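kindly generate the corresponding structure for this input.
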Amino acid sequence: MILFIKLLLAHLLGDFILQPNSWVADKEIKKHKSFYLYVHILLHGVLTAVLVGEISFIPYALLIAVTHGIIDLIKLNFQKAKTKRTWFVLDQIAHILILIGIALLYENKPIPDFWKNNQFWILLTGFLLLTKPTSIFIKTIISIWAPESKNSNQDNSLIAAGNYIGILERLFVFGFILTGHFEAIGFLLAAKSIFRFGDLKEAKDRKLTEYVLIGTLISFGIAILAGLAVQALFLQLL
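Numbering: from 1, shown residues only. This next block holds a predicted model:
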């Protein structure tokens, strides 16, 4: 684990702390012709080798640097203005997976067999359940109470912000239950109520207030039930 922590630290330093915005801009414009791309790759290799501090790890540090460059090149060549966020997430996931693989390979540890890990499948199912499927379920259930908009120009809100907020709050509740921090759920609900209070007060619409309240309670309820169900299934596997 400490090896992975060192590799992750090197990645954070190389990709965020020690990489100026000017390097990023130059890479996006010139792609594989950018001088800073290769400086960036070299920096990752050096940081990894120095932080691990073992001569025997140098070939692995070189492998990390090369794979980092390949992943960055793929992102630079395929990302568009509208897909930058998606490619950023995929890029970081790929880097982290490489670091995990290198750490396991260097320490001669077998790669975890998730296919045979029942807890993994239970956790993954609970996690995915609380994302888009629950959003669609809640939207369908409360659609009969959806208040008519009195303002046709509602562009003041971010696109699909409510959907993402709902997903995040459910995942937070899910995590709180699995870690035994039930009191944090109350703080989360209170924080949302505070932020929502101003909007609802300005709207002066009782139907909108009730609509939001129903949606929030259903969202929290499903997240709590999912967390408790996953906990119960975990206990059965022990």
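
quick one: buried residues of the longest helix seen in the chain?
Determined from DSSP state H, the single longest helix within the chain is helix 206-237. Across helix 206-237, burial judged by 16 or more other Cβ atoms under 10 Å covers 208-209, 211-212, 215-216, 218-220, 222-224, 226-227, 230, 233. Where you see a C-beta, it was placed from the backbone N, CA and C, and this is true even at glycine.

and that helix, what other elements does it pack with?
helix 118-129, helix 132-142, helix 161-178, helix 183-203 (3 or more Cβ pairs under 8 Å, 6 or more residues apart in numbering; DSSP states H and E).

please report how far the spatially most central residue of the chain lies from Thr83.
Computing the C-alpha centroid of the chain and ranking residues by Cα atoms, centre = their mean puts Val89 first, at 8.0 Å. Computed as Cβ to Cβ, to the nearest Å, the Val89 to Thr83 distance reads 10 Å.

what does Leu171 give?
Counting by Cβ to Cβ - Leu171 and Thr83 are separated by 24 Å.

for Leu18, grab phi and psi.
Backbone torsions for Leu18, taken as degrees, to the nearest 10, come to phi -100, psi 10.

verify the stated contact: it with Leu43.
Yes. Leu18 is within contact range of Leu43, at 6.3 Å (criterion: Cβ atoms under 8 Å).

what about those two, which has more around it?
More neighbours surround Leu43 than the other of Leu18 and Leu43, with 20 against 13 (other Cβ atoms under 10 Å).

contacting residues for that one?
Leu43 is in contact with Gly14, Leu18, Gln19, counting by Cβ atoms under 8 Å, 6 or more residues apart in numbering.
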